[in-house]
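Asker: Please find the sequence and the predicted model below.
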Amino acid sequence: MNAEKNKVVSFHYTVTGEDGEVVDNSHERGEPLAVLLGHGNIIPGLEKALEGRAVGDRFDVEIAPEDAYGPRNPEAKQRVPKKYFPGAQKLKVGDVTVLGLKDGGRRVVTVLKVGMTAVDVDLNHPLAGQKLKFDVELIGVRDAEPVELQHRHAHGSGGHAHPEQE
Ligand SMILES: [Zn+2]
């Protein structure tokens, strides 16, 4: 069975940024990441690169910003009241933190300036504008459960956890 849309793939990965520094990897977590393919759960470039691969395949892929976290928008800055940040007192310039949005979503932001009552943040994803290199090892491919297709993400080991159901 090969990796394709609506299959759950599990894989180990190491991501390296343009400066050659490792920005993320699954090995430290111990278990591979499990993802339902074809539903935008991972960056488009990685979905494409996994397509058609077989278990045991190991490959390197370079992904352009357009297929990763998008181009960097220099205008994407915002002043946000401190109350919207968990742990605002400890924030300092350069910190990457998560901002809760009105619609319930979350956004990764970088702190530009900390004022008395507000924090200036860069709304670009920290990896926006960067070409990324992924080193991927495909560990498993399986059919998705109907409930996973309904939720549009993988469950179980390495997948989406639903604490409310446990
Ligand atoms: Zn779910």
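Answerer: Arrived safely.

Asker: worst-scoring helix or strand of this protein, pLDDT-wise?
Answerer: For the chain, using mean pLDDT, DSSP states H and E, the weakest element among its helices and strands is strand 96-100, scoring a mean of 87.

Asker: Can you point out the buried residues in it?
Answerer: Buried residues in strand 96-100, counted by 16 or more other CB atoms under 10 Å: 97, 99. For the C-beta atoms, the positions are set from N, CA and C on the backbone; glycine is no exception.

Asker: could you dump that strand to CSV, C-alpha only?
Answerer: Provided in CSV are the C-alpha atoms of strand 96-100 (Å, rounded to 0.1, in the frame of the first residue of the first chain):
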residue,chain,number,x,y,z
VAL,A,96,7.9,32.7,19.5
THR,A,97,4.5,32.3,21.2
VAL,A,98,1.0,31.3,20.4
LEU,A,99,-1.8,33.9,20.1
GLY,A,100,-5.4,32.8,20.5
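
Asker: Name the surrounding residues that touch it.
Answerer: With contact meaning CB atoms under 8 Å, 6 or more residues apart in numbering, strand 96-100 is reached by 80, 84-87, 91, 106-111, 121, 126.

Asker: try 6 Å
Answerer: 106-110, 126 (CB atoms under 6 Å, 6 or more residues apart in numbering).

Asker: Most neighbours among the residues you listed, which one?
Answerer: Most neighbours among those, by other CB atoms under 10 Å: Val109, with 24 neighbours.

Asker: Could you tell me which residues of the protein lie near the ion?
Answerer: Proximity of the chain to the ion is confined to 151, 160 under the rule CB under 5 Å from the ion.

Asker: care to break the chain down by domain?
Answerer: Annotated domains of the chain cover 7-69+128-165, 77-122 [automatic domain parsing].

Asker: deepest of those, which one?
Answerer: Most buried of the domains of the chain by mean neighbour count (mean count of other CB atoms under 10 Å) is domain 7-69+128-165; its value is a mean of 16.

Asker: mind checking which of the domains of the chain is nearest Met1?
Answerer: For the domains of the chain, the distance to Met1 is smallest for domain 7-69+128-165, at 4.9 Å, taking CB to CB.

Asker: What average pLDDT does that closest one get?
Answerer: Averaging pLDDT along domain 7-69+128-165 gives 94.

Asker: How far away from the center of its chain is it?
Answerer: On the basis of CA atoms, centre = their mean, to the nearest Å, domain 7-69+128-165 is displaced by 9 Å from the centre of the chain it belongs to.

Asker: Done for today, thanks.
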